[in-house]
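Chemist: Turn this into a structure:
(one chain, ligands or ions: 1)
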Amino acid sequence: MANPRLVSRRKFLKIAGGALGAGVVACGGATFFGLRTPSSVHFLEESFCEGQSKRILVAYASKCGATAEISGAITEALCASGLSAELKRAAHVTSLEGYQGVVLGTAIYMGNPLKEAIKFVEEFGSQMAGIPFALFDVCLTMKEVTPENEKAALDYLKPISDRVSPIKTVAFAGRIDYATLPPLYRMFAQADKEGILAEGDFRDWTAISTWAKDLGVVLADYS
Ligand SMILES: Cc1cc2nc3c(=O)[nH]c(=O)nc-3n(C[C@H](O)[C@H](O)[C@H](O)COP(=O)(O)O)c2cc1C
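Modeler: The predicted model follows:
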């Protein structure tokens with residue numbers, strides 16, 4: 001019998017895929033605008049602790065800001081571990097030169113990492129041999145932490161981890177905040193009767209900071 005606690009990829013595809021399909025029919029050319037992130041959402045890019053021992057890149061792909069904020073917290077924790085850490089949107093990275101470690105984070109939509117994250121490994125994968133690489137995703141499947149949900153949430157990362165092997169991977173629970181959703185997503189999140197896309201911030205900042213501190217130790221010792 002299916003496990004009712006497992007928020008499956010199929011469920012998201014049903015809600016979100018149906019949403020987008022209907023959006024295309026309903027809005028035609030306006031669909032593109034319906035998928036735009038509201039301009040109030042801030043995507044931070046910043047260098048932390050410049051000049052400290054190793055230079056680590058924290059690149060992220062985020063549509064509504066939750067992954068961006070988690071990536072910021074990870075960057076700060078790496079800096080607190082004595083590393084020099086740079087936070088950038090994955091789409092804005094032009095080179096990996098000078099980095100001694102790479103962390104890539106992506107939000108999950110309709111069962112997939114965002115295309116910026118996939119493009120990142122397509123573009124830089126060949127340069128990443130020998131550079132320690134850590135990978136995480138942010139999704140609602142992790143709203144409830146069970147072994148099944150954890151497996152499903154980590155499986156979302158296969159299009160990336162099949163290309164470049166990470167030394168550390170993790171999945172974190174994300175957030176649904178209607179104010180940060182593109183109009184089409186918001187429309188269908190509000191119409192979702194099962195409540196899978198109901199509003200809530202499920203990010204576990206303790207789990208994020210613990211993972212980032214452990215990663216800091218691994219990256220600092222890596223040779
Ligand atoms: C339209 C839509 C589709 C989503 N699809 C999935 C999915 O397939 N699996 C999942 O676990 N979470 C899914 N989520 C939840 C997002 O991964 C979660 O909201 C995450 O925090 C988004 O990160 P961001 O704010 O950085 O874009 C979906 C959310 C929306 C609005």
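
Chemist: Of all the helices and strands in the protein, which has the lowest average confidence?
Modeler: helix 18-27 (a mean of 51; mean pLDDT, DSSP states H and E).

Chemist: Could you report the separation of residue 201 from residue 42?
Modeler: 16 Å (Cβ to Cβ, to the nearest Å). All C-beta spots, glycine's among them, are computed from the backbone N, C-alpha and C.

Chemist: Equivalent analysis for residue 134, please.
Modeler: In terms of Cβ to Cβ, residue 134 sits 24 Å off from residue 42.

Chemist: More neighbours: the two, which one.
Modeler: Neighbours were counted for residue 134 and for residue 42 using other Cβ atoms under 10 Å; residue 134 has more, 24 against 10.

Chemist: Using the three-state scheme, assign that one.
Modeler: When classified by DSSP: H, G, I helix; E, B strand; the rest coil, residue 134 comes out as strand.

Chemist: Now the protein against the ligand: closest residue?
Modeler: When scored by Cβ to the nearest ligand atom, the chain has residue 174 as its residue closest to the ligand, at 2.1 Å.

Chemist: Can you name the residues that contact that residue?
Modeler: Listed by Cβ atoms under 8 Å, 6 or more residues apart in numbering, the contact set of residue 174 reads 66, 67, 107, 108, 138, 139, 140, 142, 202, 203.

Chemist: most surrounded residue in these?
Modeler: residue 138 (30 neighbours).

Chemist: does it sit in a helix or strand, and which one?
Modeler: Residue 138 belongs to strand 133-139 when elements are defined using DSSP states H and E.

Chemist: go on, residue 87?
Modeler: Under the assignment here (DSSP H and E), residue 87 is part of strand 84-89.

Chemist: which one is the spatially most central residue of the chain nearest to, not counting chain neighbours?
Modeler: Among the residues of the chain, residue 106 comes closest to the average C-alpha position under Cα atoms, centre = their mean, at 2.2 Å. Once flanking residues are discounted, residue 106 sits nearest to residue 117: 3.6 Å by Cβ to Cβ, 6 or more residues apart in numbering.

Chemist: pretty sure the one you found is in contact with residue 156, am I right?
Modeler: No: applying Cβ atoms under 8 Å, one finds residue 117 not in contact with residue 156, separated by 10.6 Å.

Chemist: quick one: which of those two has more around it?
Modeler: residue 117 (27 against 23).

Chemist: interface residues of this structure facing the ligand?
Modeler: Residues of the chain lying close to the ligand by Cβ under 6 Å from any ligand atom are 9, 12, 16, 62-67, 107-111, 138-141, 174-176, 181, 185, 189, 197.

Chemist: can you list the weak-confidence ranges in the chain?
Modeler: 1-8, 13, 15-32 (pLDDT under 70).

Chemist: could you point out the longest helix in it?
Modeler: The longest helix of the chain (DSSP state H) is helix 205-221.

Chemist: Break down this structure into its helices, ranges please.
Modeler: Under DSSP H, the chain gives helices at 9-12, 18-27, 31-34, 66-80, 115-124, 147-155, 158-161, 183-191, 205-221.
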